[in-house]
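A.B. asks: coords below, sequence missing:
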C-alpha cells in the first residue's frame, strides 16, 4: 500500500489533535508515515503509533526554532524524497499552509488548502472544501505531482488504530534559504486553560452586543461551564474588548465545532464565513431581524445580559 | 538610495454579493461586482507608511493579475497613494490557480524590479493564504509573513508575527516578501485629491509574452489542481426561535441538553 506523509504539529512532543485527525484521513488513502520535527519529536511516536502511523521520521535542529518556516520545508522535502509518498497531508494552520505551499512548488505539485474531508479517488485523493462563506461545497484533486493537501481541524473524528510507529532518523540538509528569516524574539501566549479556538468542540462567541471588555466575563463563564473555547466577532476585537487571536471570521479564524453559540453577534457575511460550517448553531441576540437567526438551529431573541447568565447557571445545575 | 516596493493586489467578487461558479467551475466574475480585496488594502497602507517613514526615495508599484475590470483594484490602490500600477492581463490566464498565479506574479515582480514585495494575508475569495510564501520560494528571498507590525530600516525588514502559541519578532535582509494582517493598521480612505491624482498615474499592461510565459504554463489547462464539482450548500432548515420572556436561558439549556451538549 502506498505511504502517505503526515506533517506532525506538536508542542514539545505533545501531538495536537488536528494531526491525529490527519492520521485518520491518511489511512483512507494509504499507510500513514509521520514527520515530526524539533524538540520532543521522538516523544510524539507513542501517540502517533496509537493512531496509525507505521513509521515516524524525526529530526531536531536549532534551525526549527531560530528561523521561519523554510527549515521545516527542507525537512519535509527530504521526507518526500525518502518516502515517495502518494500524498502529503499538513494541518491547515497559518504556518502549515505556508510550509505546504513551498513544498508543493519545490516538488512540482499542486496544492489544495483547507480541505474539510478527504476520500480516495481513481485519480488520487479527492478533497472536499467549503467555499464562499460555506455557501458552496467543492470537490477537487491535485492534477500534477504528489498531492499536497492541508486539512482544517475538526474534519475527521480521531480514531485509534495501533500501528508500529517505528522511529527513524530523517536526514535533512538545510537549503540556502533556510536561514533567511530570523526569529529574534518569542513571547509565548499566556495560556487561558481553555481549548484552542480552531480545535474546540464547542465555541462560545461574543460580539458588539457584549458592549465592553469587562462584560466578556459573562461569555467566558458560559464557555467554562461547557468546557468551550471563547471566540469574538471582528466588531468586538476592533473595539479592543478581546484579543485578535480569538477573532472568528474572514480575517480571523475559521472554526467548525460541534456547537457554536453566538452572543450579541448580528452575523455579517464576514463572520459567517468563519463559522457557518459549525454543526449546531445557537444564537442569542436582542434584534429579531439579525441575519445570524437565518443560520441557527436554536435562537433566543433577548438580552444576552439576562439570557447568558441564566443559561450558565442552568448548565452548572444540570451538570451538578 | 531608493526603495522599490511592489504591492500585489487582487480584484475579487464582493463577498456581500451572490458569489457562485461558472460552468467551467471557475469563479463567475460577471454576475457579481468586484473590488480591491479588503485584505490587500492593508498591504497598500503599510507600503504607504513605510514610504512616509523612510529617509530614502520610495517608489510604490501596485501589481495585479486579472481581467479588464481588475483595473478598478489598481485605481483604488493608486488613489490611496501608490505611484504606479502594472496590470497583467491575458485571455489565457482564465482559471489560473495559486501555483500559476505565483508564477505570473513572480515574473512580473522580477521584470518590474523590487526591494520589497508586500501582500495581504489572503484574498477574500480563494482565502488560501499561500501566495506570499510561494512568491518568496519563487523569488528565492526571505518570507516575512503574517505581520501585525512591520518596519524597514537600513536594508532590513522587521516585524511581529502573532501566532496561536506565541508572538514572534522576525527580521530579514532585503529583498524580501512581506505579508501583513488586518491588525497592521487601518487602511486609509482615498482623498478627493488622491482620486483625481490617480487618474493621471501610469498603468502598464503586460500580457504573457511580456513575461516570457507560455499559455500552457497557466490558465485552467495548466492548473496544478482540478475542481471536479461545486454544489450549493442546501439552505439550513429553519431553526426554532424563541423570544425571551424570563426563561430564555433555561429554554436554551433544555435545547442543549436535548442535543447532548450538557
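C.D. replies: Arrived safely, thanks for sending. Fair warning: this is a prediction, and the values are worked out from it, not measured in the lab. Numbers count the residues shown, from 1 in each chain, chains lettered A, B, ... in the order given.

A.B. asks: so where do the helices sit in the stretch 51-200 of chain B?
C.D. replies: B:71-80, B:98-112, B:131-139, B:192-198 (DSSP state H, counting those that start in this stretch).

A.B. asks: ok and the longest one relative to helix B:131-139, angle-wise?
C.D. replies: Pointing back at helix B:98-112 there. 60 degrees (axes from the mean of the first three to the mean of the last three CA atoms, to 10 degrees).

A.B. asks: Leaving out chain neighbours, which residue sits closest to residue B:78?
C.D. replies: residue B:198 (3.8 Å; CB to CB, 6 or more residues apart in numbering or on different chains). C-beta: built from backbone N, CA, C; applies to glycine.

A.B. asks: For the one you found, the count of nearby residues, please.
C.D. replies: 20 (other CB atoms under 10 Å in any protein chain shown).

A.B. asks: can you check the one 10 residues further on too?
C.D. replies: Residue neighbour count, defined by other CB under 10 Å, stands at 20 for residue B:208.

A.B. asks: Same check on residue B:14?
C.D. replies: Residue B:14 has 15 nearby residues by other CB under 10 Å.

A.B. asks: that older thread, mean pLDDT and distance to residue A:20 added to the helices of the stretch 51-200 of chain B, as JSON lines?
C.D. replies: JSON lines is the format used below for the helices of the stretch 51-200 of chain B (pLDDT from 0 to 100; distance: least, CB to CB, whole Å):
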{"stretch": "helix B:71-80", "mean pLDDT": "97", "distance to residue A:20": "41"}
{"stretch": "helix B:98-112", "mean pLDDT": "97", "distance to residue A:20": "27"}
{"stretch": "helix B:131-139", "mean pLDDT": "98", "distance to residue A:20": "25"}
{"stretch": "helix B:192-198", "mean pLDDT": "96", "distance to residue A:20": "51"}
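
A.B. asks: Just name the most buried of those.
C.D. replies: Greatest average neighbour count among those goes to helix B:131-139 (a mean of 26), per mean count of other CB atoms under 10 Å in any protein chain shown.

A.B. asks: circling back: distance of the residue nearest to residue B:78 relative to chain A?
C.D. replies: Distance, residue B:198 to chain A, by CB to the nearest CB, to the nearest Å: 26 Å.

A.B. asks: Touching, that residue and residue B:83? I think so.
C.D. replies: No. With contacts counted by CB atoms under 8 Å, residue B:198 stays clear of residue B:83, the gap being 10.3 Å.

A.B. asks: coming back round to it: distance of the residue nearest to residue B:78 from residue B:116?
C.D. replies: From residue B:198 across to residue B:116, the span is 22 Å (CB to CB, to the nearest Å).

A.B. asks: Could you tell me which residues of the stretch 1-150 of chain B lie near chain A?
C.D. replies: B:15-16, B:19-21, B:25, B:38-39, B:97-99, B:102, B:121, B:124-125, B:127-130, B:132-134, B:136-138, B:140-146, B:148 (CB under 8 Å from any CB of the partner chain).

A.B. asks: contacting residues for residue B:24?
C.D. replies: With contact taken as CB atoms under 8 Å, 6 or more residues apart in numbering or on different chains, residue B:24 is in contact with B:95, B:220.

A.B. asks: Let's see that with 10 Å instead.
C.D. replies: Residues in contact with residue B:24 (CB atoms under 10 Å, 6 or more residues apart in numbering or on different chains) are B:94-95, B:220, B:227.

A.B. asks: Now intersect these with the strands, please.
C.D. replies: residue B:227 (DSSP state E).

A.B. asks: Angles on the backbone of the closest residue to residue A:134 other than its chain neighbours, please.
C.D. replies: Using CB to CB, 6+ apart and skipping residues adjacent in sequence, the residue nearest residue A:134 is residue A:276, 3.6 Å away. Phi and psi for residue A:276, reported as degrees, to the nearest 10, are phi -70, psi -20.

A.B. asks: Against residue B:47, how distant is residue B:142?
C.D. replies: For residue B:142, the distance to residue B:47 - CB to CB - is 18 Å.

A.B. asks: so what's residue B:110 closest to, chain neighbours aside?
C.D. replies: residue B:139 is the one closest to residue B:110 (CB to CB, 6+ apart), at 7.1 Å.

A.B. asks: My read is that the one you found contacts residue B:175, right?
C.D. replies: Yes. Between residue B:139 and residue B:175 there is a contact at 7.3 Å, judged by CB atoms under 10 Å.

A.B. asks: Now list whatever residues contact both of the two.
C.D. replies: With CB under 10 Å, 6+ apart as the test, residue B:139 and residue B:175 both reach B:109, B:114, B:117.

A.B. asks: the helices in the stretch 101-250 of chain A, which residues?
C.D. replies: Assigned by DSSP H, counting those that start in this stretch, the helices in the stretch 101-250 of chain A fall at A:216-226, A:234-238.

A.B. asks: Would you mark the buried spots in the first one?
C.D. replies: What it means is helix A:216-226. By 16 or more other CB atoms under 10 Å in any protein chain shown, the buried positions in helix A:216-226 come out as A:216, A:218-226.

A.B. asks: for the shortest one, same thing?
C.D. replies: For helix A:234-238, the neighbour count (16+ other CB under 10 Å) marks A:234-237 as buried.

A.B. asks: pLDDT and distance to chain B added to these, as TSV?
C.D. replies: Formatted as TSV, those follow (pLDDT from 0 to 100; distance: CB to the nearest CB, whole Å):
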residue	pLDDT	distance to chain B
A:234	94	8
A:235	95	13
A:236	97	14
A:237	95	9
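
A.B. asks: Closest one to residue A:105 out of these, please.
C.D. replies: residue A:234 (31.9 Å; CB to CB).

A.B. asks: Tally up the residues packed near the nearest residue to that closest one once chain neighbours are set aside, please.
C.D. replies: Once flanking residues are discounted, residue A:234 sits nearest to residue A:249: 5.4 Å by CB to CB, 6+ apart. By other CB under 10 Å, 26 other residues sit near residue A:249.

A.B. asks: Check whether residue A:249 really touches residue A:255, as I assumed.
C.D. replies: Yes. Residue A:249 lies in contact with residue A:255 (CB under 10 Å); the separation is 9.5 Å.

A.B. asks: which residues are common contacts for the two?
C.D. replies: Taking CB under 10 Å, 6+ apart as the contact rule, residue A:249 and residue A:255 both touch A:205, A:231, A:274-275.

A.B. asks: on that earlier part again, who's more crowded, residue B:142 and residue B:47?
C.D. replies: Taking other CB under 10 Å, residue B:142 and residue B:47 do not tie; residue B:47 has more neighbours (30 against 26).

A.B. asks: Identify the residues contacting that one.
C.D. replies: B:3, B:5-7, B:58, B:60-62, B:77, B:80-83, B:116-118, B:150, B:152, B:178, B:180.

A.B. asks: Next: residue A:116.
C.D. replies: A:92, A:127-130, A:134, A:137, A:151-156, A:254, A:256, A:277.

A.B. asks: again with residue A:317
C.D. replies: Residue A:317 touches A:225, B:250, B:253, B:262, counting by CB under 10 Å, 6+ apart.
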